[in-house]
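Undergrad: Just to be clear, the model below is a prediction. Sequence and coordinates:
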Amino acid sequence: MRAAGIEMTHVPYRGATAAVNEIVAGHVPVGFTGMSSVVPLLADKRVRLLATSTSSRASQLPDVPTVAETVPGFSFVPWCALLVPAHTPPEIVARLNTAAVTALKDPTVRARLAELGFEVVGGTPEQLAVAVRAEFARMGDLIRAANIRE
């Protein structure tokens, strides 16, 4: 909204599924959610994807423009990660990470995630921490304005 200079009303939902259901039903005119929530609905035209938030077009949806094509410089890459409580023993973190990275290397898993609009990365807990800090720094003004805390 800030980058485009528009006003919209944020309507909180208990997850993407509830929000997307409201869009499909016509109760909400527009929404902003991860592609995995809408890609399965595109084939039967239950939703219309207006744009992606990444800086370049999604390989799975090359005909869908990016927000940046209308709002220059806009880029927001949603991501998901496997998280555990802060004081989880390092050996358990390592075992979970190894299992997750192994699963993400499986061609069947990668193909299914790609079908849902995910671009698989994987990595170490340290790499994730660096990425989260970088995203917090990049989104600093927005984070402070929204009073978001770690």
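TA: That came through fine. From a predicted model like this one, the values you see are computed outputs, not experimental measurements.

Undergrad: Please report the residue range of the longest helix in the chain.
TA: Using DSSP state H to define each element, the chain has its longest helix at helix 90-105.

Undergrad: Show me what counts as buried in it.
TA: 97, 104 (16 or more other CB atoms under 10 Å). Just so you know, the C-beta spots here come from the backbone N, C-alpha and C atoms, and that holds for glycine as well.

Undergrad: Give me the buried positions along the helix or strand following that helix.
TA: For helix 90-105, the succeeding helix or strand toward the C-terminus, using DSSP states H and E, is helix 107-115. Using 16+ other CB under 10 Å as the test for burial, helix 107-115 gives 110, 113.

Undergrad: And the contacts of helix 107-115?
TA: Under the contact criterion CB atoms under 8 Å, 6 or more residues apart in numbering, helix 107-115 has outside partners 39, 60, 103-104, 120.

Undergrad: cool, stretch 52-70 as well?
TA: Contacts of stretch 52-70 (CB under 8 Å, 6+ apart): 3-4, 32, 35, 39, 42, 49-51, 74-78, 114-115, 117, 119.
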